[in-house]
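J.: pasting the sequence and the predicted coordinates here, then a few questions.
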Amino acid sequence: MGRDAFLDTYGYGRARGYFLVHEGRRYDSKAIAGVAHRGVNGHSLRPEEFSGGRETVARQLIRLGFEVEAPGLSLGEHTIESLLLKIDSLRTDTSKATGRPRRHQPLTLLWALGRAARAEPRLGAWTRTSAEISSLIEKFGHADDRPNPEFPVLRLFHHGLWELDASDVPAASTSSAQRWMNRHAPTGGLRPWVHTIVSRHPDVRAQIVLCLLEKYFQGVDHDELLTAVGLSGTSDAEVSLNDGSPAPRRRQSTTMRVIRDSALAQQIKDVHGHHCQICGVRLRLPNGSYAEGAHIRPVGQPHNGPDEPGNILCLCPNDHVLFDRGALTLTDDLQVFDEVIGQITGDLRLAPQHTISIRHVAYHRETARQTAQPAP
């Protein structure tokens, strides 16, 4: 049909940033995904029925094995962004005892991240790998999680994160696969490109650790878990608060929460070099640079937003106030919209290590517009 005829036929506009790359040609990712949906229930999706971009169409296409190109970044190649997307798209079984995702793969990844943080060899013998991961599953898994390290290793291998020194590696689906692993005992570990990223970029390693803790280990003593995998003490996942701050001691039950929040906000600011993502300004102080971590969806009631990387921006104090008060919002394409003058003023500044949640962006925008009041 050709591009223009295809878009006109199905009612889509031209892509502004995200393209599906196939055989060297670029295609409008949202239009392709929407029309392909007819293979699900017999009809295509209209553009207004779903949102495009990084969090939705790009992530799903990558899960399906396609290469997706974003502004200045290829998400389907070996980049920090593609690693974070792979971590976010782990496919785990569900514990029948708790109804929550099983922890085999997350524990295996934390174990490997601990090795990387300690500069241990990338590949390890199966006898040691099996014993140590089994011990972690027994201690930190759900009540019905069997200590079978063969399956998470095989799943991570087929997900593109793990390397095994063997050929004809089976799928992680039957007991025969478990027997194959123990019979061949392959040396294994993180794939070279994954290991390079998490070894050379402590901020990325810390972001992965925080995401895994938040998603899979609610109700687990994070201090104990991080110690067990070798990420305690000078761990990337913990940052001590300045001496004299009473916050960690106010309530013992929230100490880890406060430490984790402080570390995450600092990591977001470090990723952006303390430059405001809206205006680009970096405030210089006598003892360094200053910026603020701004939650897109507020964490307090009644919003109850999460404290995770996708819900935090690095902003200067002025834009932080304007954003919190609804004077500035973001479009789903991550453009800055000035609600006072009613027009787009520029693009949000992005970093490949930091993925913004479009879901929280939409929530902030709608909330800001619903609660807008005339200035006194």
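T.: Thanks, I have the structure now.

J.: in the protein, which spans are strands?
T.: Taking DSSP state E, the strands of the chain run over residues 19-22, 25-28, 67-70, 73-74, 162-164, 188-190, 283-285, 288-290, 292-295, 312-315, 328-330, 335-338, 343-347.

J.: and those, which is most packed in?
T.: Between these, the one whose residues have the most neighbours on average, counting mean count of other Cβ atoms under 10 Å, is strand 312-315 (a mean of 26). The way it works is simple: take the backbone N, C-alpha and C, and place the C-beta from them, glycine included.

J.: partner strands of that strand, with direction?
T.: strand 292-295 (antiparallel) (DSSP bridges).

J.: now the strand it pairs with: average pLDDT?
T.: Mean pLDDT, strand 292-295: 92.

J.: which residues are contacting that strand?
T.: Under the criterion Cβ atoms under 8 Å, 6 or more residues apart in numbering, residues 264-266, 268-269, 305, 307, 311-317, 320, 323-324 lie in contact with strand 292-295.

J.: may I have the beta-bridge partners of the spatially closest residue to Pro317 that is not a sequence neighbour?
T.: If the residues on either side of it in the chain are set aside, Pro317 comes closest to Glu292, at 5.9 Å by Cβ to Cβ, 6 or more residues apart in numbering. Per DSSP bridges, the residues bridged to Glu292 are Leu315.

J.: if we can go back for a sec, out of the contacts of strand 292-295, which are buried?
T.: Neighbour-count burial (16 or more other Cβ atoms under 10 Å) applied to the contacts of strand 292-295 gives 264-265, 268-269, 305, 307, 311-316, 320, 323-324.

J.: in the stretch 151-300 of the chain, which spans are helices?
T.: For the stretch 151-300 of the chain, the helices identified by DSSP state H, counting those that start in this stretch occupy 175-184, 192-200, 202-216, 222-228, 247-250, 255-271, in order along the chain.

J.: could you say what helices and strands the first one packs with?
T.: If you count contacts as 3 or more Cβ pairs under 8 Å, 6 or more residues apart in numbering; DSSP states H and E, helix 175-184 packs onto helix 126-140, helix 150-158.

J.: follow-up on the earlier one: right, and the helices of the stretch 151-300 of the chain - which one's nearest Ser130?
T.: Shortest separation from Ser130 across those is recorded for helix 175-184, at 7.8 Å, computed as Cβ to Cβ.

J.: mind listing what's buried in the closest one?
T.: In terms of neighbour count (16+ other Cβ under 10 Å), helix 175-184 has its buried residues at Gln178, Trp180, Met181, His184.

J.: and the residue lying closest to the second one once chain neighbours are set aside, its phi and psi?
T.: Right, Trp180. Excluding its sequence neighbours, the residue lying closest to Trp180 (Cβ to Cβ, 6+ apart) is Pro170, at 5.3 Å. Pro170 has phi and psi values of phi -80, psi 160 when expressed as degrees, to the nearest 10.

J.: any idea how far Pro170 is from Gln277?
T.: Counting by Cβ to Cβ, to the nearest Å, the gap from Pro170 to Gln277 is 45 Å.

J.: who has more neighbours, those two?
T.: With other Cβ atoms under 10 Å as the criterion, Pro170 and Gln277 differ in neighbour count, and Gln277 comes out ahead with 25 against 18.

J.: what number of residues lie near Gly65?
T.: So Gly65, with other Cβ under 10 Å, has 8 neighbours.

J.: any low-confidence regions in the chain?
T.: Judged by pLDDT under 70, the chain has its weakly predicted residues at 24, 70-77, 233-262, 372-376.

J.: what's the end-to-end length of stretch 293-308?
T.: This stretch, stretch 293-308, spans 11 Å end to end (Cα to Cα, to the nearest Å).

J.: report the distance from that stretch to the chain centre.
T.: Averaged C-alpha coordinates place stretch 293-308 at 17 Å from its chain's average position (Cα atoms, centre = their mean, to the nearest Å).

J.: go on, stretch 121-141?
T.: On the basis of Cα atoms, centre = their mean, the separation between the geometric centre of stretch 121-141 and that of its chain is 24 Å.

J.: Tyr27 is nearest to which of the helices and strands packed on helix 175-184?
T.: Evaluated over the helices and strands packed on helix 175-184, closeness to Tyr27 peaks at helix 150-158, with 26.4 Å, by Cβ to Cβ.

J.: can you name every helix or strand that that closest one contacts?
T.: Counting by 3+ Cβ pairs under 8 Å, 6+ apart, the elements that helix 150-158 packs against turn out to be helix 104-117, helix 126-140, strand 162-164, helix 175-184.

J.: so which residues make contact with it?
T.: Surrounding helix 150-158, the residues in contact under the criterion Cβ under 8 Å, 6+ apart are 91, 104-105, 107-109, 129-130, 133, 162-164, 169-172, 177-178, 181-182, 188.

J.: report the buried residues of it.
T.: Buried positions in helix 150-158, judged by neighbour count with 16+ other Cβ under 10 Å: Glu150, Phe151, Pro152, Val153, Leu154, Arg155, Leu156, Phe157.
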